[in-house]
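Colleague: From the sequence below, what's the structure:
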Amino acid sequence: MRYLKIPILLVWRAWFYVLMFTTIIIMVPFLLVLTAKEEYYHTFWKMIRIWAKIIVYGMGFRLDVEYEQKIEADKSYMFSANHASFIDPFVMIVLSKNPIVFVGKKELVKIPIFGFFYRRVVIMVDRSNGQSRKNVYARAKKRLKNGVCMGIFPEGLVPDEDVILAPFKNGAFSLAIEFEIPIVVQTYYDPKRFFSWNFFKGRPGLLRIKQHEFLETKNLTQDNLEELKQKTFDIIYNELIHDEKYMEDTNRARKQ
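Modeller: Numbering: from 1, shown residues only. Model (predicted):
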């Protein structure tokens, strides 16, 4: 069966929000303490990874990860992956023992309860505001130490299902060059098929991820930004177009 029957599907999709908000409410006392000071962030991350695993596995997903290179403890990286589903950040969290600080859109602050803690731990950016983008540098510089990493989805949005990969924004690559941290490129093949923004589509299943060999940024300057961005884009794009299941779903969306 490609997808669940509609009544079961709707219950399963609703279960995601029940699971997410119920676990957040349970964690509130701990989160209030652990988000109070930045020095608590490593402990906070351990709790968030447990939460992310509850979400991912509680939705019936399993992870199949291929590693071309693995991260080292106490080292900072820039995690960069394609974005096709609300489950993507949870997957990225599960995959990294090193704490990740995400750069995210300010609009998510509006989500009840979730938004309160989102504001306290995510570096928010208003993409339409130049000063907001500049402030990201200052906050990132303060956070990138003691093995804390950054996570960003460089498309800057979740593209329509008929789009293979949306154009990348400059932010992630500019930051990686600025702080001379390697880019951890990850390809997510299956979230679009199993948990897209289409509420009437999806099912539990195996989420395949590939973590590619890291892209080094030492000795690069902002003049290399476009080249670095294109190289990252090409790695993910070439993986996706050669994945039969991903392209089957993309082509189906184009015909609808």
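Colleague: Strands of the protein, start to end?
Modeller: 62-67, 78-81, 100-105, 123-125, 149-152, 183-188, 206-211 (DSSP state E).
Colleague: looking at these, which is closest to residue 49?
Modeller: strand 100-105 (9.7 Å; C-beta to C-beta). For glycine as for every other residue, the C-beta is placed from the backbone atoms N, C-alpha and C.
Colleague: re the thing from before, select, out of the strands of the chain, the one closest to residue 239.
Modeller: Nearest of these (C-beta to C-beta): strand 183-188, 4.3 Å.
Colleague: Can you name every helix or strand that the closest one contacts?
Modeller: strand 78-81, helix 88-95, helix 171-179, strand 206-211, helix 225-241 (3 or more C-beta pairs under 8 Å, 6 or more residues apart in numbering; DSSP states H and E).
Colleague: ranking those by mean pLDDT, which is last?
Modeller: With a mean of 87, helix 171-179 has the lowest mean pLDDT of the helices and strands packed on strand 183-188.
Colleague: What distance do you get for the closest residue to residue 82 other than its chain neighbours to residue 187?
Modeller: Counting by C-beta to C-beta, 6 or more residues apart in numbering, residue 236 is the residue found nearest to residue 82 once chain neighbours are left out, at 5.1 Å. Per C-beta to C-beta, to the nearest Å, residue 236 is found 5 Å from residue 187.
Colleague: and stretch 58-74, which residues are buried?
Modeller: Buried residues in stretch 58-74, counted by 16 or more other C-beta atoms under 10 Å: 59, 61, 71.
Colleague: I figured the last one was touching residue 78, is that so?
Modeller: So that's residue 71. No. With contacts counted by C-beta atoms under 8 Å, residue 71 stays clear of residue 78, the gap being 11.1 Å.
Colleague: got the contact list for the residue most central in space within the chain?
Modeller: Closest to where the C-alpha atoms of the chain average out (C-alpha atoms, centre = their mean) is residue 89, at 3.3 Å. Residue 89 makes contacts with 102, 151, 153, as judged by C-beta atoms under 8 Å, 6 or more residues apart in numbering.
Colleague: give me the number of residues near the first one?
Modeller: The one in question is residue 102. 18 (other C-beta atoms under 10 Å).
Colleague: quick one, what contacts it?
Modeller: By C-beta under 8 Å, 6+ apart, the neighbours of residue 102 are 89, 121-123, 150-152.
Colleague: mind redoing it with 7 Å?
Modeller: Residues near residue 102 by C-beta atoms under 7 Å, 6 or more residues apart in numbering: 89, 122, 151-152.
Colleague: again, but for residue 235
Modeller: When contacts are counted by C-beta under 7 Å, 6+ apart, residue 235 touches 185, 212.
Colleague: So it versus residue 81, what's the distance?
Modeller: In terms of C-beta to C-beta, residue 235 sits 11 Å off from residue 81.
Colleague: try residue 19
Modeller: 22 Å.
Colleague: More neighbours: these two, which one.
Modeller: residue 81 (26 against 15).
Colleague: Verify the contact between that one and residue 153 for me.
Modeller: Yes. The pair residue 81 and residue 153 qualifies as a contact (C-beta atoms under 7 Å) at a distance of 6.2 Å.
Colleague: returning to that earlier point: can you say which of the helices and strands packed on strand 183-188 is nearest to residue 111?
Modeller: Closest approach to residue 111 among the helices and strands packed on strand 183-188 (C-beta to C-beta): helix 88-95, 13.0 Å.
Colleague: Can you check which helix is longest in the protein?
Modeller: Longest helix of the chain, by residue count under DSSP state H: helix 6-34.
Colleague: which parts of that one are buried?
Modeller: Neighbour count says helix 6-34 has 9, 12-13, 16, 20, 24, 27, 31, 34 buried, by 16+ other C-beta under 10 Å.
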